[in-house]
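Visitor: this is the structure alone, sequence omitted:
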């Protein structure tokens, strides 16, 4: 049970973190005051990918070190909750062409192509979440972290 990565493995997570920091530093100070739907979609995609990474780590680690696995599962759940909020924010954001929030979004319905891609991604991940997370976990206000 080695906790150090192999010498041939590439760790791309620091590059993803740096890219997000770079994006924030370049685009937010002089960018639009309102987050665009395209950025919300990209952030949702990022969180869904992060959810998948944490899910894989939680599954592998939880078999060997249950305490650490439980913390990773809690982190995975919180990332999913953040993705849920981003999905809702996307549908609450005005369309770039008209500035209006579509009626389908107000009713909680998908809008259709190309906007449907965020809903497809969200539904695929929601299926995984329903298989691996209990409703109590998703709605618990307590993350399991204990302050010492």
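Guide: Cool, got the structure. Here the structure is a predicted model, which is why all the values come from computation and not from measurement. Residues are numbered from 1 along each chain as shown.
Visitor: SS state for the residue nearest the centre of the chain?
Guide: Nearest to the mean C-alpha position of the chain, counting by CA atoms, centre = their mean, stands residue 47 at 2.2 Å. Secondary structure, DSSP: H, G, I helix; E, B strand; the rest coil: residue 47 is helix.
Visitor: for it, give me its contacts.
Guide: When contacts are counted by CB atoms under 8 Å, 6 or more residues apart in numbering, residue 47 touches 79, 82, 83, 86. No exception for glycine: its C-beta is placed from N, CA and C like everyone else's.
Visitor: among those residues, name the ones in helices.
Guide: If you go by DSSP state H, the contacts of residue 47 have 79, 82, 83, 86 in helices.
Visitor: quick one: the helices in this structure?
Guide: 13-27, 37-64, 66-92, 103-106, 116-132, 135-139.
Visitor: on that earlier part again, in PyMOL, how would I select just the buried ones from the ones in helices among the contacts of residue 47?
Guide: The buried residues among those can be selected in PyMOL (16 or more other CB atoms under 10 Å) with this line:
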select buried, resi 79+83+86
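Visitor: and the ones in helices among the contacts of residue 47 as JSON lines, adding distance to residue 94 and pLDDT?
Guide: Supplementary listing: the ones in helices among the contacts of residue 47 in JSON lines, determined by distance: CB to CB, whole Å; pLDDT from 0 to 100:
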{"residue": "79", "distance to residue 94": "26", "pLDDT": "95"}
{"residue": "82", "distance to residue 94": "22", "pLDDT": "95"}
{"residue": "83", "distance to residue 94": "21", "pLDDT": "95"}
{"residue": "86", "distance to residue 94": "16", "pLDDT": "94"}
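Visitor: nearest to residue 123, of the contacts of residue 47?
Guide: Closest approach between these and residue 123, by CB to CB: residue 83, at 11.6 Å.
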